[in-house]
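**Student:** what's the 3D shape of this:
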Amino acid sequence: MSIDKKQLVKLLSYMSTFDGGLYRYDKGNARFILNMRTENLDYIQWVSSVLSEIPVGVTMKERKDYNTDGCHRKPQIRLESKSHPLLTQLHSRIYMDNHKVIDPHMLTLMDSEALAIIFMCDGSTSLDLRSKNPHASITLCTKGFSYADNMSLSKSIYGATGIHSTIHRQNQYYYLSIPTKDHKLFVDTVRPHVCPSFCYKLERIAPAMGGDIVCSSGQPEVHSGNTVASNT
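**Tutor:** Numbers count the residues shown, from 1 in each chain. Sure thing, here's the model as predicted:
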């Protein structure tokens, strides 16, 4: 299905900034690479479908575990695209001195779908049952970015969705958390765009939300202007 350029740039920007990456070799054009658990195949396939809209060739294969520490790790899939000038353009915005930054242009494209991508890739939830009333927490693990980048991201999320977030510091790193008063708004905002394999993050905090949290039953599809859930 066809997708307009603005939507394509938005999806690729957020997918590349959070969990995915853009890489250049020998001064050639950049390529997209994503390593993710096999259990999140629905998200990987969505990324593949977005890349095909450039269009650019994509390969997916099981990622070998080269670690020798004896730890058992869940199987992963490596998605890698061919190089393309559009990916090079995005690389120049997302990387500064070979380090990821928050692209100001990307923030102008912030919406509920973009926030859902951040949540799926770098979000976490927890539920504290020690008190009479269960207490949930929603965190965006943006520790790879500076305080200024986290501030810009926080302002963008609020401007596009009305959701507040607070910057926290852990040692030399910064990350965002969603205040309790905005938990319901956050869940209602991202839920339509969350792939089924990531729904556990929302379902985990359901007891603190007063009931079940039901996610979309299908994999996101690429549409011009929107990414909607498919019922197939």
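**Student:** when you work out contacts or count neighbours from here on, use the C-alpha atoms and nothing else.
**Tutor:** OK.
**Student:** list the buried residues of the longest helix seen in the chain.
**Tutor:** Identified as the longest helix of the chain according to DSSP state H is helix 147-161. Within helix 147-161, the residues that count as buried by 16 or more other Cα atoms under 10 Å are 147, 149-151, 153-157, 161.
**Student:** would you convert these into TSV that also reports pLDDT and distance to Asp122?
**Tutor:** Below are the buried residues of helix 147-161 laid out as TSV (pLDDT from 0 to 100; distance: Cα to Cα, whole Å):
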residue	pLDDT	distance to Asp122
Tyr147	97	17
Asp149	98	15
Asn150	98	13
Met151	98	16
Leu153	98	13
Ser154	98	14
Lys155	98	18
Ser156	98	17
Ile157	98	15
Thr161	98	18
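**Student:** ok, those residues vs Arg191, which is closest?
**Tutor:** Thr161 (13.2 Å; Cα to Cα).
**Student:** got the contact list for the residue nearest to Ala136 when sequence neighbours are not counted?
**Tutor:** Closest residue in space to Ala136, ignoring its immediate chain neighbours: Leu127 at 4.5 Å, by Cα to Cα, 6 or more residues apart in numbering. The neighbours of Leu127, taking Cα atoms under 8 Å, 6 or more residues apart in numbering as the test, are 134-137, 204-205, 208.
**Student:** try 7 Å
**Tutor:** 134-137, 204-205 (Cα atoms under 7 Å, 6 or more residues apart in numbering).
**Student:** got a winner among those for most neighbours?
**Tutor:** Ile205 (24 neighbours; other Cα atoms under 10 Å).
**Student:** I'd say it and Pro134 touch.
**Tutor:** No: the pair Ile205 and Pro134 does not pass the contact test of Cα atoms under 7 Å, sitting 8.6 Å apart.
**Student:** against Pro207, how distant is the residue lying farthest from the centre of the chain?
**Tutor:** Going by Cα atoms, centre = their mean, the residue of the chain most distant from its centre is Lys132, 33.0 Å out. For Lys132, the distance to Pro207 (Cα to Cα, to the nearest Å) stands at 12 Å.
**Student:** between the two, which contacts overlap?
**Tutor:** With Cα under 7 Å, 6+ apart, Lys132 and Pro207 have no common neighbours.
**Student:** how close does the residue farthest from the centre of the chain sit to Met60?
**Tutor:** In terms of Cα to Cα, Lys132 sits 47 Å off from Met60.
**Student:** again with Thr125
**Tutor:** 29 Å.
**Student:** can you check Asp188 too?
**Tutor:** Distance from Asp188 to Met60, counting by Cα to Cα: 32 Å.
**Student:** now swap in Phe119 and tell me
**Tutor:** According to Cα to Cα, Phe119 stands 23 Å off from Met60.
**Student:** what about those two, which has more around it?
**Tutor:** A side-by-side neighbour count of Phe119 and Met60, using other Cα under 10 Å, places Phe119 first with 22 against 16.
**Student:** the more buried one contacts Leu140, correct?
**Tutor:** Yes: with contacts counted by Cα under 7 Å, Phe119 reaches Leu140, the gap being 6.5 Å.
**Student:** I'd assumed Met36 was in a strand, is it?
**Tutor:** Yes: counting by DSSP: H, G, I helix; E, B strand; the rest coil, one finds Met36 located in a strand.
**Student:** quick check: the gap between it and Leu8.
**Tutor:** 21 Å.
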